[in-house]
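Engineer: for reference, the sequence and a predicted model appear below.
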Amino acid sequence: MSTSRTTLQDVGAAPGAGVLETRLTGLSAEEFARDVWARKPLLTRRASDFSDLFSAEAVDELIARRGLRTPFLRVAKDGSTLPDAAFTSSAGVGATIADQLDDTALWRAFADGATLVLQALQRTWGPVGEFGARLSAQLGHPVQANAYVTPPQSRGFDAHYDVHDVFVLQIGGTKRWLVHQPVHPDPLRDQPWTDHRSAVAEAARGTAHLDTVLEPGDVLYLPRGWLHAAEARGGVSVHLTLGIHTWTRYALAEQLAQAALAALRDDPRMRTTLPLGVDGPTGEIDMIREHLLAAVTKADPAPLFHRTRRGQGRPAPLGPLAQLAAVDGLGPDTPVRLRAALEARLEGARLTTRVGWLDFSEADLPSVARLLDGDARAAGELGVALVGRLLRAGVLVPAGE
């Protein structure tokens, strides 16, 4: 049985809809959340034209001209990953870097059937980074982007599962996908498929839940834990994988426990040394459990959660020269806005962001609060001195950037 939906680009998309609706699924965000998210695979035929995001030409540009280093690329063949030394070399005169990609070695490996995996494209290819940022903002979970470039009739990896959800966007060529039911549903990040290697191999020999060929423009969504293997068909296959590093209830429980333990550090009774001659801490455990439960009940994990969340992503790119020009030319009419993907939160008089924190006076707080909606505003509307401070901190950017 397969779970699929065939859509055309932008069909049924409401005004202001996000990339989930307009480019990836054809479902409304509410439909996707209710019926699909973290529950089952979804195949969407002809979801969109993704040539604006990535292409075969982009692959050649990144490998041959951008001076990429490991770990921005992996090379795999028949289920095994090649050592970095097999496809890297010195950067040549003027650069003492020994691990840049060697395009000749990569060509030979690719011609011999190896899959090239361009990793963390959200850092190296602008259109993919911008698309991933929009998807992350819509889903509320961090997004990483990889590209898989597989020569004809070849496969890079054996059947396995990921510990994050994925959207597979077929860019060029075709690829056959075999998808099987999970053997370990909803794996956590420290529960990789290799912990269940034999069960994965056995399940992969059974009847597939979904056996399909992806063509350019098709999108396949897989929740974490679903087994999958893919093989290029008659030509070179290029696809993007958008990995959604989902927050889980377990992760929130970790945050809650850490917040409670932090509170217990300030309790003198918890710092007390155990008595001499204690033969087993049974009595102590009962008392500690009582205090721990009380601390968990009172704990507020939100600050720790948001701090951890901020650390899992990066803000939108910032050009130093454009930023300096904005500072030097700052005047009342200068349009500015909050830097995108900053994860900014105003907590009391403190603004916390992915680039640090700033404290403000009571007089400045209303202007700072107004900036959080991301709309462009004239510097004079907010206060030129305040805007100058936020531009120098990398919190605000010119509205045209």
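Structural biologist: Nice, I can see it.
Engineer: list the contacts of the spatially most central residue of the chain.
Structural biologist: Centroid check for the chain by CA atoms, centre = their mean gives Val143 as the closest residue, at 1.9 Å. In this structure, Val143 makes contact with Gln122, Gly132, Ala133, Leu135, Ser136, Leu242, Gly243, Ile244, His245, judged by CB atoms under 8 Å, 6 or more residues apart in numbering. Placement of C-beta: from N, CA and C, glycine included.
Engineer: what helix or strand is the first one on?
Structural biologist: Assessed by DSSP states H and E, Gln122 sits inside helix 121-124.
Engineer: what average pLDDT does that helix get?
Structural biologist: Across helix 121-124, pLDDT averages out at 95.
Engineer: who touches that helix?
Structural biologist: Helix 121-124 is contacted from outside by 54, 62, 66, 68, 72, 118, 128-129, 132-133, 143-147, 240, 314, using CB under 8 Å, 6+ apart.
Engineer: hmm, try it at 7 Å
Structural biologist: Contact with helix 121-124 is made by Leu62, Arg66, Leu68, Phe72, Val128, Gly129, Gly132, Val143, Gln144, Ala145, Asn146, Ala147, as judged by CB atoms under 7 Å, 6 or more residues apart in numbering.
Engineer: how many neighbours does the third one have?
Structural biologist: In other words, Leu68. By other CB atoms under 10 Å, 18 other residues sit near Leu68.
Engineer: which residue packs closest to it, ignoring adjacent ones?
Structural biologist: Among residues not flanking Leu68 along the chain, Leu101 sits closest, at 5.0 Å (CB to CB, 6 or more residues apart in numbering).
Engineer: and for the fourth one?
Structural biologist: Computed as CB to CB, 6+ apart, the closest residue to Phe72 that is not its neighbour in sequence is Gln119, at 5.5 Å.
Engineer: so who does that neighbour touch?
Structural biologist: So Gln119 contacts Pro71, Phe72, Leu73, Arg74, Asn146 (CB under 7 Å, 6+ apart).
Engineer: roughly how far apart are it and Gly156?
Structural biologist: According to CB to CB, to the nearest Å, Gln119 and Gly156 sit 13 Å apart.
Engineer: about what we covered before: nearest to Asp190, of the contacts of Val143?
Structural biologist: Of all those, Asp190 sits closest to His245, with 13.0 Å by CB to CB.
Engineer: do you know how far Ile171 is from Ala114?
Structural biologist: 18 Å.
Engineer: of the two, who's got more company?
Structural biologist: Neighbour count, other CB under 10 Å: between Ile171 and Ala114, Ala114 has more, with 25 against 22.
Engineer: what is the burial count for the nearest residue to that one once chain neighbours are set aside?
Structural biologist: Closest residue in space to Ala114, ignoring its immediate chain neighbours: Lys77 at 4.2 Å, by CB to CB, 6+ apart. Neighbourhood size, Lys77 [other CB under 10 Å]: 19.
Engineer: ok, now which ones touch Lys77?
Structural biologist: Lys77 neighbours (CB under 7 Å, 6+ apart): Gly113, Ala114, Thr115, Gly156.
Engineer: from those residues, which land in strands?
Structural biologist: In this view, the contacts of Lys77 that belong to strands under DSSP state E are Thr115.
Engineer: save the contacts of Lys77 as a markdown table, and put in distance to Ala376 too.
Structural biologist: Formatted as a markdown table, the contacts of Lys77 follow (distance: CB to CB, whole Å):
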| residue | distance to Ala376 |
| --- | --- |
| Gly113 | 51 |
| Ala114 | 47 |
| Thr115 | 43 |
| Gly156 | 44 |
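Engineer: could you dump the contacts of Lys77 into CSV with distance to Arg189 and pLDDT added?
Structural biologist: CSV is the format used below for the contacts of Lys77 (distance: CB to CB, whole Å; pLDDT from 0 to 100):
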residue, distance to Arg189, pLDDT
Gly113, 31, 93
Ala114, 27, 94
Thr115, 23, 95
Gly156, 22, 79
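Engineer: now for the contacts of Lys77, which pair is the farthest apart?
Structural biologist: Longest span within the contacts of Lys77, CB to CB: Gly113 and Gly156, 9.3 Å.
Engineer: so which residue of the protein lies furthest out from the middle?
Structural biologist: Gly277 (51.7 Å).
Engineer: quick one: contacts for that one?
Structural biologist: Counting by CB under 7 Å, 6+ apart, Gly277 has no contacts.
Engineer: hang on, Leu386 in a strand?
Structural biologist: No: Leu386: not assigned to a strand; according to DSSP: H, G, I helix; E, B strand; the rest coil it is helix.
Engineer: what about the residue lying closest to it once chain neighbours are set aside, how many neighbours?
Structural biologist: Spatially, and ignoring its direct neighbours in sequence, Leu386 is nearest to Asp364 (5.3 Å; CB to CB, 6+ apart). Residues contacting Asp364 under the criterion other CB under 10 Å number 19.
Engineer: what's around the spatially closest residue to Thr174 that is not a sequence neighbour, how many residues?
Structural biologist: Using CB to CB, 6+ apart and skipping the chain neighbours, the partner closest in space to Thr174 is Arg233 (4.3 Å). By other CB under 10 Å, the residues close to Arg233 number 16.
Engineer: so that it lines up with my notes, have the first residue be 59 from now on.
Structural biologist: Sure, I'll start numbering at 59, so the last one becomes Arg291.
Engineer: these two touch, right, Arg291 and Gly230?
Structural biologist: No: between Arg291 and Gly230 there is no contact under CB atoms under 7 Å: 11.7 Å.
Engineer: in the stretch 359-459 of the chain, which spans are helices?
Structural biologist: In the stretch 359-459 of the chain, the helices defined using DSSP state H, counting those that start in this stretch lie at 360-369, 378-386, 423-429, 437-440, 442-450.
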